[in-house]
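Trainee: Any chance you could fold what I've pasted below:
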Amino acid sequence: MHLPTTRTHRIGHEAARTHVTVSMFAFVAYMVFISQGEQILALTGACWRVCLADRFEDMRTFVAIVQGGGFNAAADRLGLAKSAISRRIRDLEDRLGTRLFDRTTRRINLTQIGTEFYERSLAVLADLEEAENLASTGSRAATGRLRISVPVSLAHPLAPALHEFTALHRKIQIDVETNDRLVDLVREGFDLAIRIGQLKDSTLIARRITDIRHVCCASPKYLSLQGRPQIPADLRAHAGVAYTNVDSSWYWMFRDNQSVEPNGQLTINNGDLIREVAIAGAGIVMLPTFLAYRAIARGELEVILKEFARPPNGMYVVHPSSRNISAKARLFIEFLVARFSGVPSWDRGLFSPDEILEATGKDPIVSR
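Mentor: Purely as a prediction, here's the structure:
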């Protein structure tokens, strides 16, 4: 008996035919995979590798623009045409669906999202470098480039330590930039920075390396002509040379937070130059001992108001808190802490053990 065909039956028949078609397609695909599986997997893997490589290169390009301050500098640094740099950033912003830069006719600035992406990119690229080094060397020995910002005046005291570290760790390259301004570690691509005194940037992680003491001093010539101050208040009648990179009240700080500023015509942003003009007789200065100790030993400068000296400040190594610290950076930090533990060599001829104990409350242990 012939039954009428209903809509339900037609849908059922269509579904059955579709199921058969899909099954046949799946069977054919399976047979193709069985015969060509290795080539398909290899092609898929190659596509993923290219995709990941492109993303890493986009990150490197983005970081180079930020650190170089523009597209032209990034092109020079990476050896690419500016058009290629622009295309990479355009593709990156399109993929992310957001702007990373605010562009003007004179300069480019990071957006808020761009700043966050920059910090994450630095961490990813650092991890990639460390992973590649681990894979290529087959060990966990620290390798790669370490970029450090150091105050100009600290270059000489740190030189022996830098030499010792590189002699111990042959696979680490140290790139030191000396600069007395406070660099932006994240934006300028530094792994670490050495800083002295007050640390104002709370976003940085700091490790104290050693104590830094300051001495008030002047040349024998100046003191013979102008007289020797007996108490800090006497400085108001003397000429002084000021350091412009810190607050003047902190620079002229004595014991018990007493700050007395002398008069003077000179303000200088470099500690070495301050020392030299003091030797020439320009006036009274306040210098860290690592800058003054040689001139004092030679008789070119004399320490004054020693009994009113303020407590020591610290020398710190700092790094960005938003970034996983690399093995080579951690190794360098631990080396510095061990190298400069105790009383630094430049203080040994200037302060007695009793004076150090009184100022710090710690037994003096001599460092190298």
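Trainee: Can you find the helix or strand in the protein with the smallest mean pLDDT?
Mentor: Scoring the helices and strands of the chain by mean pLDDT, DSSP states H and E places helix 7-68 at the bottom, with a mean of 55.
Trainee: so how far is the next helix or strand after it off the chain centroid?
Mentor: Per DSSP states H and E, the first helix or strand lying C-terminal to helix 7-68 is helix 71-78. Chain-centre distance of helix 71-78: 21 Å, with C-alpha atoms, centre = their mean, to the nearest Å.
Trainee: Stretch 57-69 now?
Mentor: 16 Å.
Trainee: For it, output the C-alpha coordinates as CSV.
Mentor: Extracted as CSV, the C-alpha positions of stretch 57-69 are listed here (Å, rounded to 0.1, in the frame of the first residue of the first chain):
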residue,chain,number,x,y,z
GLU,A,57,58.6,39.6,15.3
ASP,A,58,55.6,42.0,15.7
MET,A,59,56.5,42.2,19.4
ARG,A,60,60.1,42.9,18.7
THR,A,61,59.2,45.6,16.3
PHE,A,62,56.8,47.2,18.7
VAL,A,63,59.4,47.2,21.5
ALA,A,64,62.0,48.6,19.2
ILE,A,65,59.7,51.5,18.3
VAL,A,66,59.1,52.3,22.0
GLN,A,67,62.7,52.1,23.0
GLY,A,68,64.0,54.0,19.9
GLY,A,69,61.3,56.7,20.2
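Trainee: List of residues touching that stretch?
Mentor: 71, 73-74, 76-78, 80, 85, 88-89, 91-92, 100-101, 107-108, 110, 117-118, 121-122, 124-125, 187-189 (C-beta atoms under 8 Å, 6 or more residues apart in numbering). All C-beta spots, glycine's among them, are computed from the backbone N, C-alpha and C.
Trainee: buried sites along it?
Mentor: 58-68 (16 or more other C-beta atoms under 10 Å).
Trainee: Let me have the residues you listed in JSON lines, extended by distance to residue 159.
Mentor: Formatted as JSON lines, the buried residues of stretch 57-69 follow (distance: C-beta to C-beta, whole Å):
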{"residue": "58", "distance to residue 159": "39"}
{"residue": "59", "distance to residue 159": "34"}
{"residue": "60", "distance to residue 159": "32"}
{"residue": "61", "distance to residue 159": "35"}
{"residue": "62", "distance to residue 159": "35"}
{"residue": "63", "distance to residue 159": "30"}
{"residue": "64", "distance to residue 159": "30"}
{"residue": "65", "distance to residue 159": "33"}
{"residue": "66", "distance to residue 159": "30"}
{"residue": "67", "distance to residue 159": "26"}
{"residue": "68", "distance to residue 159": "28"}
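Trainee: doesn't residue 148 fall inside a strand?
Mentor: Yes - Residue 148: assigned to a strand according to DSSP: H, G, I helix; E, B strand; the rest coil.
Trainee: Quick check, it in contact with residue 189.
Mentor: No - between residue 148 and residue 189 there is no contact under C-beta atoms under 8 Å: 11.2 Å.
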